[in-house]
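Chemist: build the 3D model from these lines:
(2 chains)
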Amino acid sequence: MAVITDTTLNDDRRRKGVDLSWPTFGFLAALLGVLVILPLFWLIWYSFRTSGRRPEFTLQNYVSLVTDPAMLRSYALAIGMALAVGILSCLIATPMAWLVARTDLPGKRWIRMLVTASFVTPPFLGAIAYEIIAAPNSGLVNIIYRSALGLSADSYLVNIYSFPGLVFAIACFTFPFVFTLVANALDRVPSDLEDASSILGGGAMTTLRKVTIPMVLPAMLAGTLIAILQALTMFGSPAIIALPAGFHVITTKIWSLFQFPPKPGLAAAAAIPLLLITIVLLRAQKAILGRRGYTVLGGKSGTPRITELGRWKWAAIAFVGVILSLTIILPYLALVKTAFTGTIGDAISFDTLTLRHWKFVLFEFSATQLALRNTFVLGVMTATIVTAVALVVSYLVTRKSLPGARYLGVLATAPVAIPGIVLGVALFLSYANPMFQLYGTIWILLIAFMTIELPAGYQQMSSAFQGVHPELEEAGRILGASRLKTLWDITAPLLRTSVVAAWCFVFVGTIRELSATILLTTANTKLVSVIIYDLNESGDLGAICVLGIILLAISFAVVFVANRLPVLGGSQMNARG
Amino acid sequence: MWFKTITAAALGMAFGALPALAEAPAPYQVTPELEAAARQEGKVVFYTATDVAVAEKLAGLFREKYPEIQVQVERAGSERVFQRIGQEYTSGIYNADVIETSDAVHFQYFKREGWLEPMVPQVVADSWPAEEKDPDGNFAAYRAHLSVMAYRTDLLPEADAPKTWTDLLDPKYKGKMVKAHPGYSGTVMTATFVLSQTLGWDWFEKLGQQNVMQVQSSTEPPKKLAQGERALEVDGNEYNVFRLQDEGVPIKIVYPAEGTPLAVGNAAVLAEAPNKNAAKLFYAFLFSREAQQLNSDFGGLRSFHPEVKEKAGRTPLKDIKVLESDPEKLEPMIDEIKANYEKYFGT
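Modeler: Sure thing, here's the model as predicted:
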């Protein structure tokens, strides 16, 4: 009904005055087309070209892709790693989400906040923190383990430089996706079905098994798929942990193809399967989430019931405590400790306490200032532009004001299927040629960040728009205001909280990005994430921790200043590292 | 802009001599005019593969002399610097003024591509050995260092320490070693090449079975020793070991009888340097006695400057059997070395 009214009104309006809808639509379509379609075109184009001075058509890149055992191995390892991460994330997050959403566990608000904090932490920083904690010999955990049990110098408890170590380090930063989705689902699953089970004589466990779990199963699966996707496309953590362990995953392999002389054709070909896997996973997730939506609509009534934990309370607190310590508290402590002591093996005492890493980073290291400024400027620019574009696009799409508007939505969501490293390759190919000399400037990074963050921003804005009824806008339009003026004067203020939240989300996502950035920065366009990565390659952990703390402080400060609401809520959260 | 005219005239004279004689341009001195022109530019961009702390210290010394000139230090592994310059120059981006890596092959490549600006500081013309500078004046050896085997004396008793490269294949060192990557480090690329010639690839194949921790930069294995993450490094910069020894970390270097790989780090000014005068001034500064002495004292680097005094306690280069690499033979082997390396070590 609303749709029909709206279009009828549109027709009236359009006759009366200048409506900027069509120019806006045209501009956005062009912008999104350039952002999304152009790099993908070049990616596919170059995957059929030879590298070198005189490129010509070839299938050789694809032949090497399927015949090179090293390439196949890195794909197999990446897929295995991603599956393991997905399963582990699900196993950690589901019980935690249930405890937080459906029991009388104390401190639930704090737990949700701490889980949110791990969204803000860049995964590569987390990986470095785990190097400090769990390297087989110098890792703090292993040092304590050996001295506590009086073991010889070569025994260790945990080894982060291994396949399981990598899976663990990534899962720590992907489980929040599953947690958020499952907790939200549990908040929404109606209690009357559970009550029915109880009335019919089902015990607590039976109800859980037969009613509650099946109801949240789609959310669990969808969350797990996101975790898998995140792990598959992640660059930073594997580069930090898998390379010392002596294996490549596909993202690090693609990146190694850019060592000089670069093989962009092979890199492009190697990126295509990653793109296809991502699209398949996203479609699967969408199908699953779609079903969940139906279930919830089927019986939304009553408040969720709270299970009393009773004597299990302490076990539950211990479980959540262990998970939070492992994933958030310990890594942060490790970063702080390393920032203030000489080398990571040093015990903490007044003798080993030093500010030398701070002095080095702040006063001697000439890249710091430039990188901080670039990071901040790019973060603010990306967040502002993406939020603005997302606002207008979701307006056009949710209000269905123009025929074809929904394709804008499709374009704005499409980049979610492009892994960061693939986008990096594609943008390098698009803009590092004599025609567009954007490589080496801050603009290529802006384009990359806008493309990467657009889906997240759009997702947030469009769900916000669905919550605002169009009748207020219609009132404005009837009184003669143009579409943009209505949007600005009426809708935008109503959406302020969502806009701020989306802005923060994009800002944080931008400053933690590494996988596309790593291929696109040059000396004058350094970012903090990249200098952290450079410093890691030369083993300067103290300086990394200082930079990491500065980066985190900026992120938290920005989020804190902008709003005090939880920033999260969307399902396809985009947080590549 | 009188100073620009003078510099241009000076450059013109240098170039004028070049085609006629097909040899290095006439050596240049640091003149007040050059200093003034460099001050006017106010900035020099230095792409380097030297350990970041050493490179920043050197930049600090330059700033002390010329407070008006900012030095932007861009440190990455040699192969990464090479990759960056390659990407930038082929895309027509000219950020860098002065470049320095520890892989001599790079400078052959740059020279062939015509990416370097020939120039010879007076001190290089006067004091550098002929084989440590390009006959056409494109580059000269700014530093040298060995890629050394070393161990933590507190974690590995001297009696148990390896004496030769083949000793490293002993099962007792399994899981104790760390080494850097030839795809990232020019030092290790050079070392891998000379060791594969001296010991053969089967030595690497066996070493690959020893559960070696793989890091990227050749500055990193010594740091992993200092952290106590591993007890023994297969390769790594000698100068980083010296620096850690100075800090009191119990590390000892082994110079095996088969020889120790030497990496020569060349420096050059780029043809499209955006700050031409500052680049020229900084380039001359790199070879000056004070800079070279700082590299030796603070950085532990070896120098070709005859007046540089090495700290007591360091084994002089002449007492070490050195394995030298021939960049012309190395260059065609690079892809093969990388492929073999990935086969034996996984990355």
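Chemist: quick one: residue B:127 and residue B:215, what's the gap?
Modeler: Going from residue B:127 to residue B:215 by CB to CB, to the nearest Å gives 36 Å. From N, CA and C alone the C-beta is placed, and that goes for glycine too.
Chemist: more neighbours, those two?
Modeler: residue B:215 (28 against 13; other CB atoms under 10 Å in any protein chain shown).
Chemist: is it true that that one touches residue B:183?
Modeler: No: contact between residue B:215 and residue B:183 fails when scored by CB atoms under 8 Å: they sit 11.8 Å apart.
Chemist: can you tell me the SS state at the nearest residue to residue B:338 once chain neighbours are set aside?
Modeler: In space, and not counting its chain neighbours, residue B:338 is closest to residue B:183: 5.6 Å by CB to CB, 6 or more residues apart in numbering or on different chains. Following DSSP: H, G, I helix; E, B strand; the rest coil, residue B:183 is assigned to coil.
Chemist: show me where the stretch 101-250 of chain A dips below the pLDDT cut-off.
Modeler: Within the stretch 101-250 of chain A, no stretch falls below the threshold (pLDDT under 70).
Chemist: ditto for chain B
Modeler: Looking at chain B by pLDDT under 70, you get B:1-22.
Chemist: would you map the helices across it?
Modeler: B:2-21, B:32-41, B:52-65, B:78-90, B:104-113, B:122-127, B:186-199, B:201-207, B:220-227, B:238-246, B:276-286, B:289-297, B:327-330, B:334-345 (DSSP state H).
Chemist: pipe the ones you listed into JSON lines and attach distance to residue A:542 per row.
Modeler: Shown next, in JSON lines, are the helices of chain B (distance: least, CB to CB, whole Å):
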{"stretch": "helix B:2-21", "distance to residue A:542": "42"}
{"stretch": "helix B:32-41", "distance to residue A:542": "34"}
{"stretch": "helix B:52-65", "distance to residue A:542": "11"}
{"stretch": "helix B:78-90", "distance to residue A:542": "21"}
{"stretch": "helix B:104-113", "distance to residue A:542": "30"}
{"stretch": "helix B:122-127", "distance to residue A:542": "36"}
{"stretch": "helix B:186-199", "distance to residue A:542": "23"}
{"stretch": "helix B:201-207", "distance to residue A:542": "30"}
{"stretch": "helix B:220-227", "distance to residue A:542": "10"}
{"stretch": "helix B:238-246", "distance to residue A:542": "14"}
{"stretch": "helix B:276-286", "distance to residue A:542": "27"}
{"stretch": "helix B:289-297", "distance to residue A:542": "22"}
{"stretch": "helix B:327-330", "distance to residue A:542": "35"}
{"stretch": "helix B:334-345", "distance to residue A:542": "28"}
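Chemist: nearest to residue A:402, of those helices?
Modeler: Nearest to residue A:402, of all those, is helix B:78-90, at 41.8 Å by CB to CB.
Chemist: relative to residue A:283, which of the helices of chain B is closest?
Modeler: Of the helices of chain B, nearest to residue A:283 by CB to CB is helix B:334-345, at 34.3 Å.
Chemist: which other helices and strands does that closest one contact?
Modeler: With contacts taken as 3 or more CB pairs under 8 Å, 6 or more residues apart in numbering or on different chains; DSSP states H and E, helix B:334-345 sits against helix B:186-199, helix B:201-207.
Chemist: the last one near chain A at all?
Modeler: So that's helix B:201-207. No: Helix B:201-207 stays clear of chain A (CB under 8 Å from any CB of the partner chain), getting no nearer than 11.8 Å.
Chemist: in that helix, what counts as buried?
Modeler: B:201, B:203, B:204, B:207 (16 or more other CB atoms under 10 Å in any protein chain shown).
Chemist: now flag whichever of those is closest to chain A.
Modeler: Nearest to chain A among these is residue B:207, at 11.8 Å by CB to the nearest CB.
Chemist: ok, now which ones touch the closest one?
Modeler: The contact partners of residue B:207, taken as CB atoms under 8 Å, 6 or more residues apart in numbering or on different chains, are B:168, B:169, B:234, B:344.
Chemist: what number of residues lie near the residue lying closest to the last one once chain neighbours are set aside?
Modeler: Distances taken as CB to CB, 6+ apart put residue B:208 closest to residue B:344, at 3.6 Å, once the chain neighbours are dropped. As a burial measure, the neighbour count of residue B:208 was computed by other CB under 10 Å and equals 17.
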